[in-house]
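**Student:** Sequence plus predicted model, see below.
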Amino acid sequence: MTSRISFIAALGVAALAAAPAFASSSAWSEMEGARIRLVTSGQPDESGSLRGVLDVELKPGWKTYWRDPGNSGVPPQIDISASSNISAAEFSFPAPQLHDDGYAKWAGYDHPVRLPVTLTVPSPGQPSSIVADIFLGVCESICVPVQARLELDPASDPDNAENAALVTGAFAALPAPAEPEFGAELTSGAGERMSITATSPGAPEGTNLFLAGTDGYVFGTPERQADAGKAMFTVKVLERPKTKPSGKGIPYTLSSPAGAVDGFLPYP
């Protein structure tokens, strides 16, 4: 696995366009190692929020990346600027797995994955069309960055039962909100490393922590140790802003054999 910059520069981008589909799900876009499509279900709510899912069907032996894969790879990205009456799109992510390919450790998936996406419709009562340019990396022995344009009309078949089951299932599979009995706590954030204590059901050896760099922060891979029945993680802070941001904090996912939770840590 190579760095993000050399990953893109050395391999280039394979651009693949799916044929337009005038339905609430796009046509499949075929690519090396995978195929993808975008599916929506239902109508926008009063705030203009419309739920969908990016369906990533990986071939056996292939992998793709989480929202922050680490030093290697690129996270899934969506650009809806060519759409009509769609102003934003945001992915949510199921709990990833920690992979070690001998060159780097990174967070991702080695199985077909459905990424929930929340789209914003500024005028819910007006027609809209989705033109989504998707960029993601898929890997077997090497990693290939790919692009696809997925097109659909969310109002053409909003009550499709198959689409509804797909979208509902994807959102239901997301990590639950963190809580005191299952979550992470920043115990030290000074200097080049920070310490995090995790509380989770089951043995600490089965607990994994994933951090998403944001607001100027970049992190190394959390290193786990067991202490007094809890998982303790040490994380190298590779980059940090000059002043602490005023946002929610550092997003994290904590997984164990009992499930997974999402939460935020204070900015170190």
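**Tutor:** Done, it's in. As the structure is a prediction and not an experimental result, all values here were calculated from the model.

**Student:** tell me the contacts of the residue nearest to G70 when sequence neighbours are not counted?
**Tutor:** The shortest distance from G70 to any non-neighbouring residue, by Cβ to Cβ, 6 or more residues apart in numbering, is to W106 (4.3 Å). In this view, the C-beta of every residue, glycine as well, is placed from N, C-alpha and C. In this structure, W106 makes contact with 1, 65, 69-73, 98-99, 221, judged by Cβ atoms under 8 Å, 6 or more residues apart in numbering.

**Student:** Now with 6 Å, please.
**Tutor:** Residues near W106 by Cβ atoms under 6 Å, 6 or more residues apart in numbering: 69-70, 72-73, 99.

**Student:** How about P266?
**Tutor:** Going by Cβ under 6 Å, 6+ apart, P266 touches 186, 249.

**Student:** Dump the lengthiest helix in the chain to CSV, restricted to CA.
**Tutor:** In the chain, taking DSSP state H as the definition, the longest helix is helix 161-172. Extracted C-alpha coordinates of helix 161-172, given in CSV (Å, rounded to 0.1, in the frame of the first residue of the first chain):
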residue,chain,number,x,y,z
ALA,A,161,-40.4,-2.0,-1.4
GLU,A,162,-37.0,-3.5,-2.4
ASN,A,163,-35.3,-0.1,-2.3
ALA,A,164,-37.0,0.7,1.1
ALA,A,165,-35.7,-2.5,2.6
LEU,A,166,-32.2,-1.8,1.3
VAL,A,167,-32.1,1.8,2.7
THR,A,168,-33.7,0.9,6.0
GLY,A,169,-31.3,-2.0,6.5
ALA,A,170,-28.3,0.2,5.7
PHE,A,171,-29.2,2.8,8.3
ALA,A,172,-30.1,0.2,10.9
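
**Student:** can you pull out the strands in the stretch 1-150 of the chain?
**Tutor:** 14-17, 29-31, 34-41, 49-58, 63-65, 77-79, 88-91, 97-100, 105-109, 113-120, 130-139, 143-152 (DSSP state E, counting those that start in this stretch).

**Student:** cool, and the stretch 151-268 of the chain?
**Tutor:** Shown for the stretch 151-268 of the chain, the strands assigned by DSSP E, counting those that start in this stretch span residues 176-177, 183-188, 193-199, 208-211, 218-219, 223-227, 230-239, 250-256, 259-265.

**Student:** Mind listing what's buried along stretch 164-179?
**Tutor:** For stretch 164-179, burial by neighbour count (16 or more other Cβ atoms under 10 Å) applies to 164, 166-167, 170-171, 174-175, 178.

**Student:** now those residues in JSON lines, with pLDDT and distance to L265?
**Tutor:** Below are the buried residues of stretch 164-179 laid out as JSON lines (pLDDT from 0 to 100; distance: Cβ to Cβ, whole Å):
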{"residue": "A164", "pLDDT": "95", "distance to L265": "35"}
{"residue": "L166", "pLDDT": "96", "distance to L265": "32"}
{"residue": "V167", "pLDDT": "97", "distance to L265": "29"}
{"residue": "A170", "pLDDT": "98", "distance to L265": "26"}
{"residue": "F171", "pLDDT": "98", "distance to L265": "24"}
{"residue": "L174", "pLDDT": "98", "distance to L265": "19"}
{"residue": "P175", "pLDDT": "98", "distance to L265": "15"}
{"residue": "A178", "pLDDT": "97", "distance to L265": "10"}
